[in-house]
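Asker: got a predicted model here, sequence first, then my questions.
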Amino acid sequence: MVNIQEQDQYIIDLELQNEITLFYYREAELLDTRDYQSWFQLLSEDIIYRMPARVTRESSNGSDIIDEMSYFEDDYTTMKTRVDRLYTKSAWSNDPPSRTRHFISHVRIKKGRNENELEVKSYFQFVRNRGNQTINDQLTGERVDILQRDGHDWRIAKRTIYPDHAVIGTQNLHNFF
C-alpha cells in the first residue's frame, strides 16, 4: 500500500483512491440505469444534498458562489420523496425517462473530521437526452462530498454541487448529480 500525505493535505493512497473512484463509478451506473432506489441506499440518513447558486461577478468582487441561495437543498426526507416520485405517474418531467450519462473525474481525497469520514472533491459532466431531442442538456462542475464509512460500505453524508454555469439551461433539475 502506498500512503503519502502531501502538503495540501490530499491523501495519496492508491487502494483508497481506487475504492472511492469505483464507488463513484458504481453511483454513476446506478443513476444512468435509473436504479434510483439502489442509489438512494448510498445516502446516509443525515444527508445534505445541495446546489448553491453561481453568479457572474467582476473578479475583484469575491466568490461567484452564493451559499445563501441554492437551486435545491435537500435532506434525507426530501431525497426519499424525490426518489419515490420517480416511480409514479406524477413524475411528468421524467416521462419519457431521460437518458443520462454521469462522467466523474479528478477525484481528490482528504481526511474527514474523524477516521470514518473523508472529504472528496470530484469533477462531473452530466449529459441528458430526452424524447427525440437532437441536442443534449449538459452540466459540468465540481462536487464536494463528505463520505462516511458504514461497516464496509461508504455513504454520502453531504454533497455540494458547484455548477460551472451561472445560468442553468435545462428545463428542469429533477436528475441527481
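Answerer: Here it is on my side, so go on.

Asker: what are the buried residues along the longest helix along the chain?
Answerer: When the chain is scanned for its longest helix (criterion: DSSP state H), the result is helix 14-32. Of all the residues in helix 14-32, those buried under the rule 16 or more other C-beta atoms under 10 Å are 17, 20-21, 23-24, 27-28, 30-31. In short, each C-beta sits where N, CA and C put it, glycine included.

Asker: need these in JSON lines with distance to D153, can you?
Answerer: JSON lines is the format used below for the buried residues of helix 14-32 (distance: C-beta to C-beta, whole Å):
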{"residue": "Q17", "distance to D153": "17"}
{"residue": "I20", "distance to D153": "12"}
{"residue": "T21", "distance to D153": "15"}
{"residue": "F23", "distance to D153": "9"}
{"residue": "Y24", "distance to D153": "14"}
{"residue": "E27", "distance to D153": "12"}
{"residue": "A28", "distance to D153": "17"}
{"residue": "L30", "distance to D153": "13"}
{"residue": "L31", "distance to D153": "17"}
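
Asker: export those residues to a markdown table and tack on distance to T160 and pLDDT?
Answerer: Shown next, in a markdown table, are the buried residues of helix 14-32 (distance: C-beta to C-beta, whole Å; pLDDT from 0 to 100):
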| residue | distance to T160 | pLDDT |
| --- | --- | --- |
| Q17 | 21 | 96 |
| I20 | 17 | 98 |
| T21 | 19 | 97 |
| F23 | 17 | 98 |
| Y24 | 15 | 98 |
| E27 | 16 | 98 |
| A28 | 18 | 98 |
| L30 | 20 | 98 |
| L31 | 17 | 97 |
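
Asker: which one of those sits closest to G112?
Answerer: For the buried residues of helix 14-32, the minimum distance to G112 (C-beta to C-beta) is 12.1 Å, reached by I20.

Asker: relative to S122, how far out is E142?
Answerer: Counting by C-beta to C-beta, to the nearest Å, the gap from E142 to S122 is 7 Å.

Asker: let me fix that: T33
Answerer: Taking C-beta to C-beta, one finds T33 at 20 Å from S122.

Asker: more crowded one of the two?
Answerer: Neighbours were counted for T33 and for S122 using other C-beta atoms under 10 Å; S122 has more, 18 against 11.

Asker: list the contacts for the most centrally placed residue in the chain?
Answerer: Using C-alpha atoms, centre = their mean, the residue of the chain that lies closest to the mean C-alpha position is F177, 3.8 Å off. By C-beta atoms under 8 Å, 6 or more residues apart in numbering, the residues touching F177 are 51, 102, 124, 126, 139, 141, 143, 159, 161.

Asker: in strands, which of those residues fall?
Answerer: 51, 102, 124, 126, 139, 141, 143, 159, 161 (DSSP state E).

Asker: how many neighbours does the last one have?
Answerer: Just to be clear, that refers to I161. 22.
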